[in-house]
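Q: next come a sequence and a model predicted from it.
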Amino acid sequence: MATKMEKPSYRLKRSVRGPGRPQRDLNIDATILDVSERLFAKKGYSGTSMREIAENASVNQGLITYYFGSKEGLFEAVFKRRGMELAEKRHKLLDELLSRKARPSVQDLIRAFIQPQFEFKKSGPAGLAFVRIQARLHHEPDELAFRLRREVYDSSAKRYIKALCDALPKVPSVDVHYRMMFIVGTYLYMLADVSRLDDLSDGQYNTDDNDEVLERMIQFLTAGLMAPKTAISAD
């Protein structure tokens, strides 16, 4: 049976209205987040200014500061809005697998971990923008990027690592942990639409079909996770 764990949840911080301070408008709030998401996805954290966000959202820049505190606070709100949704989807899928009588297969676990990412990508412009922000996160300020990844993804990722260790009793824990990092690197690369398959195959193949990409990747990663333990020379 699945072990109940506290799952992360995200809600925008709502300031208590003080004397003479405007009531927070949730429609404007959402507009700012939507515009910021699009610009951060296109230009990255460093390349996007608060002034540009304010102009595109048709609001006063001071209102953004009032709502989110700073550019970093705004970026955090943008990332956590969909990042926490993704993490919670992973928790839910894992709970469903662990609730079954039979132990989940490695392939089932990998699919549950990766599929929500590709569902975001196919969900429309907003989902695609978030996927691009994820890819850019590795090039953003280190302290911010590492903190956001820990806060948003660590809880679900650690649960999947444990489930994979249970599903692979003959594979050392260190191998499972390393291979999870390889999984993350692989799917982030494929989500970023920088694949060189068309070039390397001289135009025979491409990665336009996201469903095909997902299936091929799951099969590849499953084989990698189930490989014998890594033999490392003592030299």
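A: Sure thing, it's come through. Numbering: from 1, shown residues only.
Q: where does pLDDT dip in this protein?
A: Scanning the chain for pLDDT under 70 picks out 1-24, 26, 138-141, 233-235.
Q: identify the residue nearest the geometric centre of it.
A: Nearest residue to the geometric centre of the chain (CA atoms, centre = their mean): G83, 5.3 Å.
Q: quick one: contacts for it?
A: Y10, F130, Q134, L148, V152, Y153 (CB atoms under 8 Å, 6 or more residues apart in numbering). For the C-beta atoms, the positions are set from N, CA and C on the backbone; glycine is no exception.
Q: now the two most distant members of the residues you listed.
A: Y10 and Q134 (15.5 Å; CB to CB).
Q: okay, these two: which has more neighbours?
A: Neighbour tally, Y10 and Q134, criterion other CB atoms under 10 Å: the higher count belongs to Q134, 25 against 17.
Q: ok now do the more buried one, which residues does it touch?
A: G83, L188, L191.
Q: same question, E143
A: So E143 contacts nothing (CB under 8 Å, 6+ apart).
Q: name the nearest of the contacts of G83 relative to K101.
A: Nearest to K101 among the contacts of G83 is Y153, at 29.0 Å by CB to CB.
Q: next secondary structure element downstream of the helix or strand harbouring A157?
A: Element membership for A157, per DSSP states H and E: helix 142-167. Remark: after helix 142-167, the chain's next helix or strand is helix 173-191, criterion DSSP H and E.
Q: show residues contacting the following helix or strand past that following helix.
A: Using DSSP H and E, the helix or strand that follows helix 173-191 in sequence is helix 197-200. Residues outside helix 197-200 that contact it (CB under 8 Å, 6+ apart) are Y205, N206, T207.
Q: related to what we said a few turns ago, how about the helix holding A157: buried residues?
A: Residues of helix 142-167 classed as buried under the neighbour-count rule (16 or more other CB atoms under 10 Å) are 145, 148-149, 151-153, 155-157, 159-161, 163-165, 167.
Q: on that earlier part again, any chance of the contacts of Q134 in JSON lines, with distance to G124 too?
A: Formatted as JSON lines, these follow (distance: CB to CB, whole Å):
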{"residue": "G83", "distance to G124": "17"}
{"residue": "L188", "distance to G124": "20"}
{"residue": "L191", "distance to G124": "15"}
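Q: distance of the residue nearest to the centre of the chain from P104?
A: Relative to P104, G83 is positioned 24 Å away (CB to CB, to the nearest Å).
Q: again with A87
A: Distance from A87 to P104, by CB to CB: 19 Å.
Q: more neighbours, the two?
A: A87 (23 against 20).
Q: many thanks, we can stop here.
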